[in-house]
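>>> how would this look folded up:
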Amino acid sequence: MSDSGGGWQTPGSGDARETPRYGQYGPPPGQPPVGGVDVPAVEGWAPPPKPGLVPLRPMGFGTLLGAPFKVLRQSRALIGLALALQVGVFVVGGGILVAAVFGGLGRVTDFEDPDQQPLIAGGIAALILSAIVLMILSVASSAVLQGFVVVGVARAVLGQRTRLGEIWRVARSRVLPLIGWTLLVFLAIALELAIVAGIMVAGAAAAPAGLAISIPLGMIVGLGFIVLTVWLSVKLSLLPSALVLEHRRLGAALRRSWSLTNGYFWRTFGVQALLTVMISVATQVITTPISLIPTLLGAVIDPNGTGPALVLSAVSSVLSIVFSLIIGAISSVVLSSATALIYLDLRMRKEGLDLVLQRHVERPDSSVDPFAPGVV
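Take a look at the predicted model:
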């Protein structure tokens, strides 16, 4: 014991560093031990790595809502692809629809043609067929885009920036299965519409009073089909992701999506529905002024609507179409990214995909696809 100057000290502690108190870490490895006694290094808890878009762990509701918007900043190629698909559907489908409308109306309004009644029926049939083609093109473009987006999102989760050419090389072999899925969706919707229309037509054909029963019955059945369609669309929304990332066949991908969403239906529905509402509101906020301001200016500058008002109206229409296409492309990328993240999140929760991805990030192996089923 010593009492020289500095107060009481323990024996042998004159040149030793202060012993760490409770709750403090010991000295890092490679530094002198405390008091001549080896103190083992304490490894604290480390959060899951975040190499890219999201942390490699099951995602919270807020992450699923926010991360899809980060894809817009990281993957401009996907926005370009979505815009190209939007323009393609608009030009091809819209051109067919316009040709059917104007071509059919031009023949129907020809009152000197003796075959006017068959022309009316043919014009209506052409209009219905063109609308069906437009719907098929729209659904097909959405399915193909989701298949491409899931590849980009999966690579972004690993911290990799993937170009459109690389995404195409991965997903091109899955384009035909995605189109097959589109045809199944179209056939299901067409069957529902045919059943509702058949109920109403049967009621009208039975008796004049039959419409009073068939119309309400058709409306009830139609509402039931709407609920069924929403439920099935949520349960099968992960099918394109499983089809592309896991290289499954159509039937196996259908069962895969169904099993992954078991127990997580409302969570999946909530993310998709909330994002859809958010995007719809934002779209209206942006497009409404664009469509109204030129029209109001035209009414002020040219109240008679002779010259400038017509020009401003045409400009307003063009701007509305352009902004609608751009916003539609952005919306489709966000919704497809959300669906891809839901797919990855459910695989993390049910299969431990997060652990597989963490190991892959720590020890990359180009010969192993971490998203393939059964990788441990």
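
>>> Just list the residues touching the most centrally placed residue in the chain, thanks.
Residue closest to the average C-alpha location in the chain (Cα atoms, centre = their mean): residue 336, at 1.6 Å. For residue 336, the contacting residues are 142, 145, 146, 149, 150, by Cβ atoms under 8 Å, 6 or more residues apart in numbering. Backbone N, C-alpha and C define where each C-beta goes, glycine included.

>>> Assumed the last one was part of a strand.
No - Residue 150 sits outside any strand when classified using DSSP: H, G, I helix; E, B strand; the rest coil, being helix.

>>> how many neighbours does the residue nearest to it when sequence neighbours are not counted have?
If the residues on either side of it in the chain are set aside, residue 150 comes closest to residue 340, at 4.0 Å by Cβ to Cβ, 6 or more residues apart in numbering. Using other Cβ atoms under 10 Å, residue 340 has 28 other residues around it.

>>> so who does residue 340 touch?
146, 149, 150, 153, 154, 241.

>>> Under the pLDDT cut-off, which ranges of the chain? List them.
1-51, 103-123, 204, 206-211, 294-295, 297-309, 375-376 (pLDDT under 70).

>>> Grab the longest helix from it for me.
In the chain, assigned by DSSP state H, the helix with the most residues is helix 308-351.

>>> next structured bit after the helix or strand hosting residue 187?
Using DSSP states H and E, residue 187 sits within helix 175-206. Next in sequence after helix 175-206, counting helices and strands by DSSP H and E, comes helix 211-235.

>>> how far does that following helix sit from the chain's center?
25 Å (Cα atoms, centre = their mean, to the nearest Å).

>>> That helix packs against which elements?
Of the remaining helices and strands, those touching helix 211-235 by 3 or more Cβ pairs under 8 Å, 6 or more residues apart in numbering; DSSP states H and E are helix 175-206, helix 265-301.

>>> What are the buried residues along the first one?
The neighbour-count criterion (16 or more other Cβ atoms under 10 Å) identifies 175, 177, 178, 181, 182, 185, 189, 192, 196, 199, 200, 203 as the buried residues of helix 175-206.

>>> what angle separates it from helix 211-235?
Counting by axes from the mean of the first three to the mean of the last three Cα atoms, to 10 degrees, helix 175-206 lies at 170 degrees to helix 211-235.

>>> Which strands or helices does helix 175-206 pack on?
Helix 175-206 packs on helix 116-157, helix 211-235, helix 239-245, helix 250-260, going by 3+ Cβ pairs under 8 Å, 6+ apart.

>>> go on, the last one?
Of the remaining helices and strands, those touching helix 265-301 by 3+ Cβ pairs under 8 Å, 6+ apart are helix 61-74, helix 211-235, helix 308-351.

>>> Check those for me and report the most buried one.
Ranked by mean neighbour count under mean count of other Cβ atoms under 10 Å, the helices and strands packed on helix 265-301 are led by helix 308-351, which reaches a mean of 19.
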